[in-house]
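1. I would like the atomic coordinates for the input below:
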Amino acid sequence: MCIRDRSTEYVVETQGLTKEYKGFKAVDGLDMAIGHGVVHGLLGPNGSGKSTTMKMLLGLAKPTEGSISLFGEPFGPKTRSRALARTGSLIEQPSAYLHLTGRENLRIAARLLRAEAEDVDRAVHLVRLEKQLDKQVANYSLGMKQRLGIAMAMIRNPQLLILDEPTNGLDPAGIEEIRNLIVSLAADEGRTVLVSSHLLSEIEKMASELTIINRGQLLFQGTKQELFHSQPPEVFIETPNPKEAAQALAGISVRVVEGGIRVPNLSERDVAGACTQLVNHGVPIYQVLRTHRSLEEIFISITGRGGLQ
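-> Have a look, this model is predicted:
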């Protein structure tokens, strides 16, 4: 089923969104806009405000200040039920009755959400859980529980899907499967997916737009291409003597790494000059490569933290 309601510019929009706990601002003046039919990655170190932001978007936490609009309408008591009827979510750990089977859990969820049997069948098929439905959830692996949680989130055929760590506990094949599912929900069906994950390599593969926050404040929002273009490529010079190479290029910003050195923001002429300088100092060069930094490397440089926790 293709869902492409583009009557409003943004599916999610926040202005000055703030959540304060006893004087501590978990989210601080966040302005965020998410369009239609995209996978939007929400990134930040542990404790940066990602989960709190998602909870406010779902009405699970009340903002201290600021505003939220979903599907072009202000999100509040009068519009909450209408907005949430078009929204599915998986926040933190999936919630299910462990003593019941997957099928029984889905039937309960369907009754609560007033969904039809075909909606359940479609959601189960999407996450490929058909063969596990009659097992007790207590006997599910963590990955299977994640699939069940995503199926529950999909029961109402949502236009907006909010997922916190959707690949948690999955093996590599399962991660790839869920990644492909998330991408297809946006690309093929026009749904909007807001996803948070500590697996930056997965976000890099699935998201077309990114929001990066730290200490509750916005550091970057835009397309993945805009983020990469804002970061100059690096030149990797492979040499058996990286320390001598760094000394020979004194005055240039150089990082000594395993197998050589990395030098940021060099033009082709500057690269040639650096190589000439190394040769003149008797430093052997095995190869020279111009590389773009990964999302994880950019994330660490922006947040000043040791990656996601």
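2. from here on, contacts and neighbour counts on C-alpha atoms
-> Will do.
3. Could you pick out the longest helix of the chain?
-> helix 172-187 (DSSP state H).
4. For the helix or strand following that one, which strands pair with it and how are they oriented?
-> Moving toward the C-terminus from helix 172-187, the next helix or strand (DSSP states H and E) is strand 192-196. Here strand 192-196 has these sheet partners by DSSP bridges: strand 39-43 (parallel), strand 160-164 (parallel).
5. can you put the ones you listed in a markdown table and add mean neighbour count, mean pLDDT and distance to residue 25?
-> As requested, the strands paired with strand 192-196 are exported to a markdown table (neighbours: other C-alpha atoms under 10 Å; pLDDT from 0 to 100; distance: least, C-alpha to C-alpha, whole Å):
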| stretch | mean neighbour count | mean pLDDT | distance to residue 25 |
| --- | --- | --- | --- |
| strand 39-43 | 26 | 97 | 17 |
| strand 160-164 | 24 | 95 | 21 |
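6. what about the longest helix of the chain, average pLDDT?
-> For helix 172-187, mean pLDDT rounds to 88.
7. Same question for that helix: list its buried residues.
-> 174-179, 181-186 (16 or more other C-alpha atoms under 10 Å).
8. what angle do that helix and strand 39-43 make?
-> Interaxial angle, helix 172-187 versus strand 39-43 (axes from the mean of the first three to the mean of the last three C-alpha atoms, to 10 degrees): 120 degrees.
9. List the contacts of residue 289.
-> Shown in contact with residue 289 (C-alpha atoms under 8 Å, 6 or more residues apart in numbering): 235-237.
10. of all those, which comes closest to residue 250?
-> residue 237 (15.1 Å; C-alpha to C-alpha).
11. State the distance from residue 192 to residue 31.
-> Residue 192 sits 18 Å away from residue 31, going by C-alpha to C-alpha, to the nearest Å.
12. what do you get for residue 273?
-> Taking C-alpha to C-alpha, one finds residue 273 at 44 Å from residue 31.
13. Over to residue 145?
-> 33 Å.
14. of these two, who's got more company?
-> Using other C-alpha atoms under 10 Å as the criterion, residue 145 and residue 31 rank with residue 145 on top: 24 against 18.
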